[in-house]
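Novice: Sequence first, then the predicted structure, then my questions.
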Protein chains: 4
Amino acid sequence: MSTSRLETFSDGVFAIAATLLILNVDSQVPSDVADLGARLLHIWPSYLAYAVSFVTIGIMWMNHHTFMGQIERADRRFLMATIGLLMCIAFVPFPTRIVAEHVRHEGAQDAALLYGFTLVTTAVMFNITWFYAARGGRLLRPDADPAIVSGITRTYLPGPWIYLTATLIAFANPTWSVILFLVIAVVYVLESSIFGTSGGVAEVGDL
Amino acid sequence: MSTSRLETFSDGVFAIAATLLILNVDSQVPSDVADLGARLLHIWPSYLAYAVSFVTIGIMWMNHHTFMGQIERADRRFLMATIGLLMCIAFVPFPTRIVAEHVRHEGAQDAALLYGFTLVTTAVMFNITWFYAARGGRLLRPDADPAIVSGITRTYLPGPWIYLTATLIAFANPTWSVILFLVIAVVYVLESSIFGTSGGVAEVGDL
Amino acid sequence: MSTSRLETFSDGVFAIAATLLILNVDSQVPSDVADLGARLLHIWPSYLAYAVSFVTIGIMWMNHHTFMGQIERADRRFLMATIGLLMCIAFVPFPTRIVAEHVRHEGAQDAALLYGFTLVTTAVMFNITWFYAARGGRLLRPDADPAIVSGITRTYLPGPWIYLTATLIAFANPTWSVILFLVIAVVYVLESSIFGTSGGVAEVGDL
Amino acid sequence: MSTSRLETFSDGVFAIAATLLILNVDSQVPSDVADLGARLLHIWPSYLAYAVSFVTIGIMWMNHHTFMGQIERADRRFLMATIGLLMCIAFVPFPTRIVAEHVRHEGAQDAALLYGFTLVTTAVMFNITWFYAARGGRLLRPDADPAIVSGITRTYLPGPWIYLTATLIAFANPTWSVILFLVIAVVYVLESSIFGTSGGVAEVGDL
C-alpha cells in the first residue's frame, strides 16, 4: 500500500478529532442559561482545554507527518498499529471535556488521571508504530535521513515518561497535574518554533 | 471516473464514522455526575465497544483499500454499491452505543441483534461491491494479481456467515454474542498481523 | 485554482453531511429507554430517512463529480456558487431528522415542506453552479464531451421541478409527499444502474 | 514538508467546521416540540446564522487557498501558526449558536461580543500566518506573483479592524453589531463575484 492512502485516512481522523473538540465547549452553555455573560466567563477552563487539546492533536499530526515522510511503504502490521494510534487520538475529545468540567471541583483527580492515561497511551502507540517501522529500517525509505530518523527516536522515547509523570502528579495534586499538561503543550509549541529556526534548511525541507 | 475520487470520499466516511464513535463514550458521563471516578469505571463497556468498533471500521477500511488496489475504474453501478456499503459503515456508531449501554441490562438481546445485523449487512454489501467489480474481471486492473483477487474472495465470502452466527447466538445468550463480536475483531487483528508477516513481499507490496 | 482542491473540500462536506445523518437515528433512542426492542422497531422512519438522505447525498456527490469532470478551472464566482451548493447539502441532516420524527404525527406537513424546500433549493443551486460553468463553455475543459455536457444539462434541469412537485403535494397529503421523496431516491438509484449499463464505455470512462 | 499535506489537513478542518454548523440549527428544535411549524419559523435567526457562518468559513477557505497557492514550503513555525488559525476556525460553530439563540433576547450583547472576538482573532491569525510566510519572501514560491502577494496583503490587513469595529458596536447596540457581521459576509460574497470578473485571466488562473 502506498502510504498516501494511509495519510489521507489519518489526516481525516486528526482533523475530525480536533474539530469535534468544539462540541465540548458548546455543551457547557445550555440554551436556557440565565446569565449568558457570566456563563461564558465561568467556563474558561473549557476554552483552555479546547486550546491545549487542539494544539496537542495538531502537534501529534505534525509529528505523524515528519515520521511518515521517512516511511516508504506500509504492511498490515503497520496499518494495525496506526489504527491503534488513531483510536487513541480520536479518544482525546472525551477526557478533554471531563477535565474542563471537573478541574475546579471534586472529581479533578479522576479527570486528570483519565486525561493523563489517554496521553500516555497515545505516546506509547506513537513509539510502537515508529519502532515497528524503523527497527532495522523495516519500512523506511532507502534514502531516509539518519539524522531525522534518530531525531524522531529521540523525540518519541521520552513522550510516555513525560506524560506519565504529569499523570502521576494527579495523585498528589490534580490542579498541578493539569497545569503540567498545559505547560507540556506550550513547551512543544515553543520547541517547534525554535526547532523551526535552528533546524536548518535540510531538516525543514525534509519535514 | 478515476477511483481516486471515490477513495477520497470513502476515506472520509470511514474516518468520520470511526471518529464519531467517541461521542458514544462521551454521552455516558453527564455533566452533573455525582461520583466521577465511579462513573468512569462503570462505563467500561463503552470503552470496549469504542475499541471494538474502531478496530472493526479500521479493518474494513484496510480491506476496502486492498480491494480498491485491484480496481481500475468505477461505473455508476459500482458507485451505487459503494454508497450502499458506506451507508452501512456510517451506521455502526449507533448500534455501538446501544450495545455498550444495554449489554449488562435487559435489552441486551435486542442490542446484540441490532449490532449483529448491522455487521451482517455490511459484510453482505462488501461482497456485493466486490463481486460486481470482480465478476469476469469487469472493473479489475488488467494486471490485477490473481492470487490477491482470489485471496479477497476467500476473505469476504465467509464474512456474512461469521457475523450471522455471532448474531443468532444472541437469541440464546446475548452476552456470548457480544463476546463473540469482540473475539472476531481480535482474531482479525491477529490474522492481519500474521498475514502481514507470512504474506511475503509481493502481497504486502500490492496491499 | 486547480479544481482538485475544490474537490477535496467538496468531498469532505459531502462525506461529513452523509455520516452525520446517523446522529439523527441515534438521538431517537434515549439512554433510559424502557423497552429497547420496541423502541428500535418504533423508530423505523428514522432508518428509512437515514437511507433516503444518505443515498440522496451520495447521488448528489456522484453528480457533482460527473460535472466536475467536465470542468477545467474555477474562478471566484464558481467557488462562491459551490459554497452555496455545499451549504444546502450540509443542511440536509436537519430536515431529515424532522421528517423522521414527525411523519406519523401532527407536524408531518411542516416537516415535509422543510425537507422538500431544502431539496428544491439544493437542486436550484446545482443548476446555478452548472450553468455558470457551462454557459458558453466558460469553465469547461477544451475537450469537454458535448454528449456528457448536454446529458448533465438534461439531468439537472428537471430536478427543481420534480422536487417542487413532491413538496407541494405536502399541502394535500404530507405522507404522499414523503413517499414521493423516497420514490425519487429509488428511481435515481435504478436510473444510475441502468445508465451505468446502457451508457457505453465512453460515457462511463468519462464519468 | 510539501504544502499538499498541510492543505489536506486544513481542508478537513474547514469542511468539518462548516458542516458541524447544522448541529446548531438542529438543536433548536427539540423532539417533543408542540407546534413544529411555529418553531421552524421562530428559529429563523438560526438559519441566518448558519448561512453567515457557512459563507464566512467558505470565504476563509477560499482565501486560505489563494494564499497557499503562493507558498512553496512549510517550516514548523508556519505549521504552528496554521494550527492556531485552524483552532480559530473550528471554534466558529460555538459562537454561531450562541448568537442565533440570544440575538433577540437579553444576552445579545455578550453573544455578539463572543462572535466578534472569535472573528477578530481569526483575522489576526490569518495575518500572522501570512506575514510569517511572506515577509522577505520567506516561504513564497520563487515565481510568486507580486501582484497577488500584495493583493493578499491588502485584503488581509484591514480584516481585524473591520471585525473589531463590528464587535465594538455591540457595546452600543448588539443588533446592529450582528447585522454588520451579516453585511460583511454579503459584501465579501459580492466582492468575490466582482473580483472574479474584473480580476482578469492571470489572477483567476493563479487563484
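Specialist: That came through fine.
Novice: Can stretch A:80-88 be said to contact chain B?
Specialist: Yes. Applying CB under 8 Å from any CB of the partner chain, one finds that stretch A:80-88 is in contact with chain B at A:80, A:83, A:84, A:86, A:87. All C-beta atoms are positioned from the backbone trio N, CA, C, and that covers glycine.
Novice: Also stretch A:126-139?
Specialist: No. Stretch A:126-139 lies apart from chain B when judged by CB under 8 Å from any CB; the minimum separation is 10.0 Å.
Novice: what secondary structure does the residue located most distally from the centre of chain A sit in?
Specialist: Using CA atoms, centre = their mean, the residue of chain A lying farthest from its centre is residue A:34. It sits 35.7 Å away. Under DSSP: H, G, I helix; E, B strand; the rest coil, residue A:34 falls in the coil class.
Novice: what's the distance between it and chain B?
Specialist: Residue A:34 sits 16 Å away from chain B, going by CB to the nearest CB, to the nearest Å.
Novice: how about that residue, what does it touch?
Specialist: Neighbour list for residue A:34: empty [criterion: CB atoms under 8 Å, 6 or more residues apart in numbering or on different chains].
Novice: would TSV of the residues of stretch A:80-88 next to chain B with neighbour count and distance to residue B:44 be doable?
Specialist: Below are the residues of stretch A:80-88 next to chain B laid out as TSV (neighbours: other CB atoms under 10 Å in any protein chain shown; distance: CB to CB, whole Å):
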residue	neighbour count	distance to residue B:44
A:80	22	23
A:83	25	21
A:84	20	18
A:86	26	21
A:87	24	16
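Novice: Now render those as CSV, adding secondary structure and distance to residue A:146.
Specialist: As requested, these are exported to CSV (DSSP: H, G, I helix; E, B strand; the rest coil; distance: CB to CB, whole Å):
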residue, secondary structure, distance to residue A:146
A:80, helix, 27
A:83, helix, 28
A:84, helix, 27
A:86, helix, 28
A:87, helix, 31
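Novice: List just the nearest of these to residue B:125.
Specialist: Distance to residue B:125 across the residues of stretch A:80-88 next to chain B (CB to CB) is lowest for residue A:83, with 20.8 Å.
Novice: In contact with that closest one: list those residues for me.
Specialist: Counting by CB under 8 Å, 6+ apart, residue A:83 has contacts B:54, B:55, B:58, B:59, B:61, B:62.
Novice: Next, the fifth one: phi, psi?
Specialist: Backbone dihedrals for residue B:61, given as degrees, to the nearest 10, come out at phi -60, psi -40.
Novice: Which positions in the helix or strand harbouring residue A:19 come out as buried?
Specialist: Per DSSP states H and E: residue A:19 is located in helix A:3-26. For helix A:3-26, burial by neighbour count (16 or more other CB atoms under 10 Å in any protein chain shown) applies to A:3, A:5-26.
Novice: who does that helix touch, helix- and strand-wise?
Specialist: helix A:44-68, helix A:76-91, helix A:93-102, helix B:3-26, helix D:3-26, helix D:76-91, helix D:93-102 (3 or more CB pairs under 8 Å, 6 or more residues apart in numbering or on different chains; DSSP states H and E).
Novice: Does anything pack onto the next helix or strand along the chain from it? Which helices or strands?
Specialist: Proceeding N to C from helix A:3-26, the next assigned helix or strand is helix A:36-42, under DSSP H and E. Secondary-structure packing of helix A:36-42 (3+ CB pairs under 8 Å, 6+ apart): helix D:93-102, helix D:108-134.
Novice: Turn those helices into a markdown table, including mean neighbour count and distance to residue A:95.
Specialist: Shown next, in a markdown table, are the helices and strands packed on helix A:36-42 (neighbours: other CB atoms under 10 Å in any protein chain shown; distance: least, CB to CB, whole Å):
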| stretch | mean neighbour count | distance to residue A:95 |
| --- | --- | --- |
| helix D:93-102 | 26 | 19 |
| helix D:108-134 | 21 | 25 |
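Novice: Adding distance to chain A and mean pLDDT, write those helices out as a markdown table.
Specialist: Formatted as a markdown table, those follow (distance: least, CB to the nearest CB, whole Å; pLDDT from 0 to 100):
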| stretch | distance to chain A | mean pLDDT |
| --- | --- | --- |
| helix D:93-102 | 5 | 94 |
| helix D:108-134 | 4 | 95 |
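Novice: I'd like those helices written out as a markdown table, with distance to residue C:99 added.
Specialist: A markdown table is the format used below for the helices and strands packed on helix A:36-42 (distance: least, CB to CB, whole Å):
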| stretch | distance to residue C:99 |
| --- | --- |
| helix D:93-102 | 22 |
| helix D:108-134 | 30 |
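Novice: quick one: which of the ones you listed is nearest residue C:135?
Specialist: Shortest distance between residue C:135 and the helices and strands packed on helix A:36-42, using CB to CB, is found for helix D:108-134: 33.4 Å.
Novice: Next secondary structure after the closest one?
Specialist: helix D:146-156.
Novice: Only the C-alpha atoms, please, for that next one, written as PDB.
Specialist: Extracted C-alpha coordinates of helix D:146-156, given in PDB (Å, rounded to 0.1, in the frame of the first residue of the first chain):
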ATOM      1  CA  PRO D 146       4.000  40.200  -6.800                       C
ATOM      2  CA  ALA D 147       0.500  41.400  -7.800                       C
ATOM      3  CA  ILE D 148      -1.200  38.600  -6.000                       C
ATOM      4  CA  VAL D 149       1.100  38.800  -3.000                       C
ATOM      5  CA  SER D 150       0.400  42.500  -2.500                       C
ATOM      6  CA  GLY D 151      -3.300  41.800  -3.200                       C
ATOM      7  CA  ILE D 152      -3.400  39.300  -0.400                       C
ATOM      8  CA  THR D 153      -1.700  41.700   2.000                       C
ATOM      9  CA  ARG D 154      -4.100  44.400   1.000                       C
ATOM     10  CA  THR D 155      -7.100  42.100   1.700                       C
ATOM     11  CA  TYR D 156      -5.800  40.700   5.000                       C
END
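Novice: hmm, who's touching it?
Specialist: D:63, D:66-67, D:69-70, D:123, D:126-127, D:130-131, D:134, D:140, D:202-203, D:206.
Novice: Pull out the buried residues from that helix.
Specialist: Neighbour counts using 16+ other CB under 10 Å place D:148, D:149, D:152, D:155, D:156 of helix D:146-156 among the buried residues.
Novice: what do you get for stretch A:59-72?
Specialist: Using 16+ other CB under 10 Å as the test for burial, stretch A:59-72 gives A:59-71.
Novice: could I get these as CSV with pLDDT and distance to chain D?
Specialist: Shown next, in CSV, are the buried residues of stretch A:59-72 (pLDDT from 0 to 100; distance: CB to the nearest CB, whole Å):
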residue, pLDDT, distance to chain D
A:59, 91, 8
A:60, 92, 11
A:61, 93, 6
A:62, 90, 5
A:63, 89, 10
A:64, 91, 10
A:65, 86, 6
A:66, 86, 8
A:67, 87, 12
A:68, 90, 9
A:69, 87, 7
A:70, 90, 12
A:71, 91, 13
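Novice: just the residues you listed that are near chain B?
Specialist: Checked against chain B using CB under 8 Å from any CB, the buried residues of stretch A:59-72 give no members in range.
Novice: of those residues, closest to residue A:96?
Specialist: residue A:60 (13.5 Å).
Novice: quick one: residue A:161 and residue C:126, what's the gap?
Specialist: 55 Å (CB to CB, to the nearest Å).
Novice: actually residue A:119, sorry about that
Specialist: 45 Å.
Novice: Residue A:190: neighbour count?
Specialist: Neighbourhood size, residue A:190 [other CB atoms under 10 Å in any protein chain shown]: 11.
Novice: From the contact counts, what lies against whichever strand or helix holds residue A:190?
Specialist: Assigned by DSSP H and E, residue A:190 belongs to helix A:174-198. With contacts taken as 3+ CB pairs under 8 Å, 6+ apart, helix A:174-198 sits against helix A:44-68, helix A:108-134, helix A:159-172, helix D:76-91.
Novice: let's see 10 Å
Specialist: Packed against helix A:174-198 by the contact rule (3 or more CB pairs under 10 Å, 6 or more residues apart in numbering or on different chains; DSSP states H and E) you find helix A:44-68, helix A:93-102, helix A:108-134, helix A:146-156, helix A:159-172, helix A:200-206, helix D:76-91.
Novice: If anything else comes up later, I'll come back, but that's it for now.
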